[in-house]
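Enquirer: Got a predicted structure plus its sequence, pasted below:
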Amino acid sequence: MPYVIASGCIDVNDKACVDECPVDCIYEGERKSYIHPKECIDCGACEPVCPVDAITQDRRVADGDEAFVEDNRAFFTEVLPGRDAPLGTPGSAAKVGDLGVDTALVTGWSA
Amino acid sequence: MKTHDVDVLIVGAGPVGLYGAYYVGERGLSAAVVDSLSEVGGQVTAMYPEKQIYDVAGFPSVSGRELVRGLAAQASQSEPTYLLGQEAQLLERREDGRFLVTTTAATVSAGAVIVTGGIGTFSPRVLPAGEEFLGRGLEYFVPSSHEYVGRDVVIVGGGDSAIDWALMLEPLANSVTLVHRREAFRAHAGTVDKVRAIDVQLITNAQVTALEGGTVLERAVVTVKGEDEPRVLECHKVVAALGFTANLGPLREWGLELRDNRHLVVDTAMRTNLPGVFAAGDITDYDGKVRLISVGFGEVATAVNNAAVFLDPAAHIFPGHTSNEPHDVPVPA
């Protein structure tokens, strides 16, 4: 039951949440950021700092954003463009840096 | 370096570690508890002391702080040796079968080890400016208040620790200024209101961009959103309370089987892959694991009772019901 970042983050990618996360589990993509569902400890520190209210617990995402629950997971389990293997569980977003790519859902997203 | 000799070493003084320390005493064994933080309570104390918790058995609602106070009182019956503000770094198994754990300040010889390390070792988030004044005016913790008497103090942050320290230091210090980079405080609204009601200057939407001084700190430069000129605050002390980051840290090198790079794999007796090393609470993983405080309490009781049998194979796993023995119960402080 992790927190997830939904469509509101796309093309905003403010990253204020990254500074709050105590376990460094928010990874930076090109158009938005993604919360690692296995590394998130469900503490909620990220939610109030999001300037566009894009972050919620996975069980209460906004209507129309349901696909982002799976999409936050897919960022780590699927092979992203330009990579040979899924990210898996790196254990620290700072360690992998700005990834500069997105999932297919986000790349093809138009508001 | 001081060496402590105990039956069971508990690594992590969070709620589950404290309950484990109590249970070690219930088994007639001696305990030491090591934690990188300077206070007991782990994640609950560091991150949500004012939040209400609703899923602790027997407490329809209890604040994090109250729960930790109760757990510490319960654990005090075992008279555990607390090794706080020190990180457990090395684990060695000696030839006689005992474990030697080296912390940043002591060594502990223990017959069994129970890891209740939660999300790992906590480090304070550093202030982006002025790190060179660390220990010369810049602090990340307020272990004792006497150094702040009559001083001008700047506290940075918007969480519970920042607010707590403002409340604690305001009656002692010459002045207290709280600098927070957002308009809204993350801390509990009730305690924020208390700070607003006393003589603490609040500067929001602001960041400390430089610290200045000679051998000791003299000034903090604060940049406020929407103001052209930075404000210069004369001060002796800056307390940066920007929260914590947690990392499994040196535990990774102990030879314990890890899952997902952050959890310890245990069996139904809470044994890790190393005989004599047990684990309980958020740090463990097994099929069907639920990472909740209520589950952690049960796990650590299982771990302690199995550790008792590991230490003395003639002992029973089942400790008997505590209701059959009179207890001299301490009152939470």
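Expert: Yep, that arrived.
Enquirer: How far does stretch B:281-296 sit from its chain's centre?
Expert: 19 Å (CA atoms, centre = their mean, to the nearest Å).
Enquirer: Run through who's touching that stretch.
Expert: Here stretch B:281-296 makes contact (CB atoms under 8 Å, 6 or more residues apart in numbering or on different chains) with A:41-42, B:12, B:14-17, B:19, B:43-44, B:53, B:55-57, B:115-120, B:259-260, B:262-268, B:270, B:280, B:299-300. In this view, the C-beta of every residue, glycine as well, is placed from N, C-alpha and C.
Enquirer: So among the residues you listed, which ones count as buried?
Expert: Neighbour-count burial (16 or more other CB atoms under 10 Å in any protein chain shown) applied to the contacts of stretch B:281-296 gives A:41, B:12, B:14-17, B:19, B:43-44, B:53, B:56, B:115-120, B:262-264, B:266, B:270, B:280, B:299-300.
Enquirer: List the ones among the residues you listed that fall in strands.
Expert: Residues of these located in strands (DSSP state E): B:Ile53, B:Val115, B:His263, B:Leu264.
Enquirer: Determine which two of the residues you listed are furthest apart.
Expert: The most widely separated members of those, counting by CB to CB, are B:Ile53 and B:Leu264 (23.9 Å).
Enquirer: who's in contact with the residue of the stretch 51-200 of chain B found nearest chain A?
Expert: Proximity of the stretch 51-200 of chain B to chain A (CB to the nearest CB) peaks at B:Ile119, 5.6 Å away. B:Ile119 is in contact with A:Pro22, A:Val23, A:Ile41, B:Gln43, B:Ala246, B:Leu248, B:Arg262, B:Asp282, B:Ile283, counting by CB under 8 Å, 6+ apart.
Enquirer: Same list, those, but as TSV with pLDDT and distance to B:Glu66 please.
Expert: Shown next, in TSV, are those (pLDDT from 0 to 100; distance: CB to CB, whole Å):
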residue	pLDDT	distance to B:Glu66
A:Pro22	90	22
A:Val23	90	25
A:Ile41	91	22
B:Gln43	92	16
B:Ala246	89	23
B:Leu248	90	29
B:Arg262	87	29
B:Asp282	96	20
B:Ile283	97	24
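Enquirer: mind listing which of those are in helices?
Expert: B:Gln43 (DSSP state H).
Enquirer: Mind picking the one among the contacts of B:Ile119 that's closest to B:Ala206?
Expert: Lowest distance from B:Ala206 to the contacts of B:Ile119 (CB to CB) belongs to A:Pro22, with 22.8 Å.
Enquirer: any idea how far B:Gly130 is from the closest one?
Expert: For A:Pro22, the distance to B:Gly130 equals 22 Å [CB to CB, to the nearest Å].
Enquirer: Over to B:Gln89?
Expert: B:Gln89 is 29 Å from B:Gly130, by CB to CB.
Enquirer: Please apply the same query to B:Val8.
Expert: B:Val8 sits 42 Å away from B:Gly130, taking CB to CB as the criterion.
Enquirer: Neighbour count for the two, which is higher?
Expert: Taking other CB atoms under 10 Å in any protein chain shown, B:Val8 and B:Gly130 do not tie; B:Val8 has more neighbours (30 against 22).
Enquirer: so which helix or strand takes in that one?
Expert: Using DSSP states H and E, B:Val8 sits within strand B:2-11.
Enquirer: ditto for B:Glu183
Expert: When secondary structure is defined by DSSP H and E, B:Glu183 falls outside every helix and strand.
Enquirer: How about the residues of the stretch 1-150 of chain B by chain A?
Expert: Counting by CB under 8 Å from any CB of the partner chain, the positions of the stretch 1-150 of chain B adjacent to chain A are B:Gln43, B:Met47, B:Tyr48, B:Ile119, B:Arg125.
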